[in-house]
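Colleague: What follows is a predicted protein model with its sequence.
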Amino acid sequence: MNLFSFCFSILLKPVYKVYEKILENRVKKRKMPRHIGIIMDGNRRYAEFFGIDPWKGHNKGADKLEEILDWTNELGIDIVTVYAFSTENFKRSKEEVEHIMDLFEKKFKKLAEDEKIHRNKVKVRAIGNLNMLPKNVVDSIKIAEKATENYSDKGLNICIAYGGRIEIVEAVKRIIERGVSPEDITMEMIKDNLYTGDLPDPDLIIRTGGEVRLSNFLLFQSAYSELFFTEIYFPAFRKIDFLRIIREYQMRNRKFGR
Ligand code: FPP
């Protein structure tokens, strides 16, 4: 987003509110995706654009995720899987990684107590190699998972210390360790042994921030997902942008290779 479009969007706010409502009513009449994936990209560029401390971009991104959960709940989308931190992200500066880890600790604790999470019966799960995370983050993940473990109506999966390729490798290793011979390994077995084994594949995956790639996110699960890429930085992603993506998704003809 440049400065001109930012000022323009402020002026158009009331008009957008009306349009948002019309769009929302329209998409609600059609089939909703059951599971969406989100690659939350562009936090630091958002911070740079607004001349704020780069870490504040991540804080804003975390707040945006809470807003998105309100939208998905209003639309009746059951499962949301977000890419919060990849195994590669550990290569960022020590200072940034520490800030993000502290943010995760805070947010998982908040999720454990969040009234909306409990009202909507959202099962919260962290997906990834949790051994790579500091103890304070693992402890807060456990608190959120424990507080929501009995829910099954909806799911929020947070990919953290996650990598799609290693997820597949680990799944295959688990199958072989159980004594299955290579010729007997099936796609179903691999699917069942992924972190997301009990979840349906994502119907659509959204990436904010302008890059057009999956960056190791849900590689096996995304085989037939509809992909949407938007230039908008994650903290600036608006409900209207989300609704437009849902509208386009509803117009796509999903063929699953047929
Ligand atoms: C990518 O933007 C974002 C991250 C690596 C961190 C994302 C973390 C959050 C949004 C916090 C979420 C909190 C919970 C509880 C899940 P970037 O830093 O790569 O931005 P850039 O592309 O502009 O550099």
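Modeller: The structure has been received and is ready for your questions. Just so it is clear, the structure is predicted and the values come from calculations on it, not from any experiment.

Colleague: got the contact list for residue 166?
Modeller: Contact partners of residue 166, counting by C-beta atoms under 8 Å, 6 or more residues apart in numbering, are 87, 129. Where C-beta positions appear, they are placed from N, C-alpha and C, glycine not excepted.

Colleague: pLDDT at it, what is it?
Modeller: pLDDT, residue 166: 97.

Colleague: what secondary structure does it sit in?
Modeller: At residue 166, secondary structure determined by DSSP: H, G, I helix; E, B strand; the rest coil is helix.

Colleague: which residues of the stretch 101-250 of the chain fall in helices?
Modeller: Assigned by DSSP state H, counting those that start in this stretch, the stretch 101-250 of the chain shows helices spanning 115-119, 135-148, 164-177, 187-192, 239-251.

Colleague: Give me the buried stretch members for the third one, please.
Modeller: Using 16 or more other C-beta atoms under 10 Å as the burial criterion, the residues of helix 164-177 that qualify are 164, 167-168, 171, 175.

Colleague: what does the stretch 51-200 of the chain have sitting close to the ligand?
Modeller: 58, 61-62, 65, 82, 84-85, 89, 100, 103-104, 107, 158 (C-beta under 6 Å from any ligand atom).

Colleague: For PyMOL, write a command that selects the buried ones of those residues.
Modeller: Remark: buried members of these, expressed as a PyMOL selection using 16+ other C-beta under 10 Å:
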select buried, resi 58+61+62+65+82+84+85+89+100+103+104+107+158
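
Colleague: returning to what we had before: out of the helices of the stretch 101-250 of the chain, flag the one nearest residue 75.
Modeller: Judged by C-beta to C-beta, the one of the helices of the stretch 101-250 of the chain that comes nearest to residue 75 is helix 239-251, at 6.9 Å.

Colleague: Buried residues of the closest one, list them for me.
Modeller: Across helix 239-251, burial judged by 16+ other C-beta under 10 Å covers 239, 242-246, 249-250.

Colleague: Go through the residues you listed and name the one nearest residue 201.
Modeller: residue 249 (14.2 Å).

Colleague: For that closest one, give me its contacts.
Modeller: Taking C-beta under 8 Å, 6+ apart as the test, what residue 249 contacts is 33, 203-204, 226, 228.

Colleague: Repeat the analysis, applying 7 Å as the threshold.
Modeller: 33, 204, 226 (C-beta atoms under 7 Å, 6 or more residues apart in numbering).

Colleague: Could you work out the end-to-end span of stretch 222-230 for me?
Modeller: 18 Å (C-alpha to C-alpha, to the nearest Å).

Colleague: now that stretch, how far from the chain's geometric center?
Modeller: Here the centre of stretch 222-230 is set off from its chain's centre by 13 Å, with C-alpha atoms, centre = their mean, to the nearest Å.

Colleague: Closest one to the ligand out of the buried residues of helix 239-251, please.
Modeller: residue 242 (15.5 Å; C-beta to the nearest ligand atom).

Colleague: I'd like the buried residues of helix 239-251 as a markdown table, with distance to residue 150 and pLDDT appended.
Modeller: Formatted as a markdown table, these follow (distance: C-beta to C-beta, whole Å; pLDDT from 0 to 100):
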| residue | distance to residue 150 | pLDDT |
| --- | --- | --- |
| 239 | 30 | 97 |
| 242 | 29 | 98 |
| 243 | 32 | 98 |
| 244 | 36 | 97 |
| 245 | 32 | 98 |
| 246 | 29 | 98 |
| 249 | 31 | 97 |
| 250 | 32 | 96 |
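
Colleague: Does residue 216 touch residue 163 like I think?
Modeller: Yes. With contact defined as C-beta atoms under 7 Å, residue 216 reaches residue 163; the gap is 5.1 Å.

Colleague: quick one: pLDDT of residue 1?
Modeller: Note for residue 1: predicted pLDDT of 60.

Colleague: Also the one 3 residues further on?
Modeller: Looking at residue 4, its pLDDT stands at 77.

Colleague: Ok, the one 10 residues further on next?
Modeller: At residue 14, the pLDDT value in this model is 84.
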